[in-house]
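Asker: Fold the following, please.
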Amino acid sequence: MTKLSVNINKIATLRNSRGGNTPNLVQSAIDIQDFGADGITIHPRPDERHIKYKDAYDLNPIVNTEYNIEGNPIQKFVDLVLDIKPEQVTLVPDAVDAITSNAGWDTKTHQNFLVEVIAEFKRNDIRTSIFMDADLPLIEAAAKTGADRIELYTEEFASQYELSNREAIEPYVESAKLATKLGMGINAGHDLNLENIKFFAQNIPNLLEVSIGHALIAESLYLGLQNVVSMYLYRLKP
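Answerer: Predicted coordinates for the structure are as follows:
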């Protein structure tokens, strides 16, 4: 069964909008795990506009499922990950001023850099995943970095699915097949939601994990957090 990791950035955004500690990010992570989620994802950015670097440390002792820390591997981020040693680090090439992640790695141009960073994480027994577009040549190059997994950037699929274009899944299927052949595991995330997650999961071979934040939290405003986590888990059943 594909694992569900819940990205709690948006809970931090809501907290930060008023200051203080409401909603309580740590308690939210505890509850989400109790509701059945397989992991907690955070994506600290340099400006700390949602997840703060302190949050990463506060969450570490209470994440008893899988802790996934995403981010651009600037030195501050690398130091954070090496200090905490989560189960997984997901490398994302987002610009400092990006509202949200909007592109995967160019693994040809940045291959030497990624090789160096990934080697450091692997020396510390941290599983590595690279945020990737559904681009076969770049996935071939990703395999040469030593990454354990790729995370397929699924915004284009989600946009096309909303337009009833089911053929948009095909590049992701081929990308997953190639990554598997090259010895890498498959994660996915970005704009996956309750409407499209079942179709995506049923069609992507060897899909190990999805990381969902914005949609899941937005859906929870209407349906409740515990209910929404259960709905995702149900849709992810094989």
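
Asker: which ones are touching the closest residue to Asp106 other than its chain neighbours?
Answerer: Leaving aside its chain neighbours, Asp106 sits nearest to Leu138 (6.6 Å; criterion: CB to CB, 6 or more residues apart in numbering). From N, CA and C alone the C-beta is placed, and that goes for glycine too. Contacts for Leu138 (CB atoms under 8 Å, 6 or more residues apart in numbering) come out as 104-108, 132.

Asker: And the buried ones among those, selectable in ChimeraX?
Answerer: Per 16 or more other CB atoms under 10 Å, the buried members of the contacts of Leu138 correspond to this ChimeraX selection:
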select :104,105,107,132
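
Asker: now the most centrally placed residue in the chain, which residues is it bridged with?
Answerer: Geometric centre of the chain, nearest residue: Ser211, 4.1 Å, by CA atoms, centre = their mean. Applying DSSP bridges to Ser211 gives these bridge partners: Ser5, Gly189.

Asker: Hmm, Thr90 and it touching each other?
Answerer: Yes. At 7.5 Å, Ser211 counts as touching Thr90 under the criterion of CB atoms under 8 Å.

Asker: overlap in contacts of the two?
Answerer: 41, 68, 70, 151, 187.

Asker: for whichever strand or helix holds the third one, packing partners?
Answerer: In this assignment (DSSP states H and E), Glu70 forms part of strand 67-71. Based on contacts counted as 3 or more CB pairs under 8 Å, 6 or more residues apart in numbering; DSSP states H and E, the elements that strand 67-71 packs against are strand 39-42, helix 75-84, strand 88-91.

Asker: what comes up buried for the second one?
Answerer: Of the residues in helix 75-84, those scored as buried under the neighbour-count criterion (16+ other CB under 10 Å) are 77-78, 80-81, 84.

Asker: For it, C-alpha coordinates in CSV please.
Answerer: The C-alpha coordinates for helix 75-84 follow below in CSV (Å, rounded to 0.1, in the frame of the first residue of the first chain):
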residue,chain,number,x,y,z
GLN,A,75,24.1,24.9,3.9
LYS,A,76,21.6,25.9,6.6
PHE,A,77,19.2,23.2,5.4
VAL,A,78,21.9,20.6,5.1
ASP,A,79,23.1,21.3,8.7
LEU,A,80,19.5,21.0,10.0
VAL,A,81,18.9,17.6,8.3
LEU,A,82,22.3,16.2,9.4
ASP,A,83,21.5,17.3,13.0
ILE,A,84,18.0,15.8,13.1
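
Asker: which helices and strands does it pack with?
Answerer: helix 53-59, strand 67-71, helix 111-123.

Asker: got the contact list for stretch 58-65?
Answerer: The set of residues external to stretch 58-65 that reach it, using CB under 8 Å, 6+ apart, is 25-26, 29-30, 33, 37-40, 42, 67, 84, 86.

Asker: For these, give me a markdown table that also has pLDDT and distance to Val117.
Answerer: As requested, those are exported to a markdown table (pLDDT from 0 to 100; distance: CB to CB, whole Å):
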| residue | pLDDT | distance to Val117 |
| --- | --- | --- |
| Leu25 | 98 | 27 |
| Val26 | 98 | 28 |
| Ala29 | 98 | 26 |
| Ile30 | 98 | 31 |
| Gln33 | 98 | 29 |
| Ala37 | 98 | 28 |
| Asp38 | 98 | 26 |
| Gly39 | 98 | 22 |
| Ile40 | 98 | 22 |
| Ile42 | 98 | 18 |
| Tyr67 | 98 | 18 |
| Ile84 | 98 | 16 |
| Pro86 | 98 | 15 |
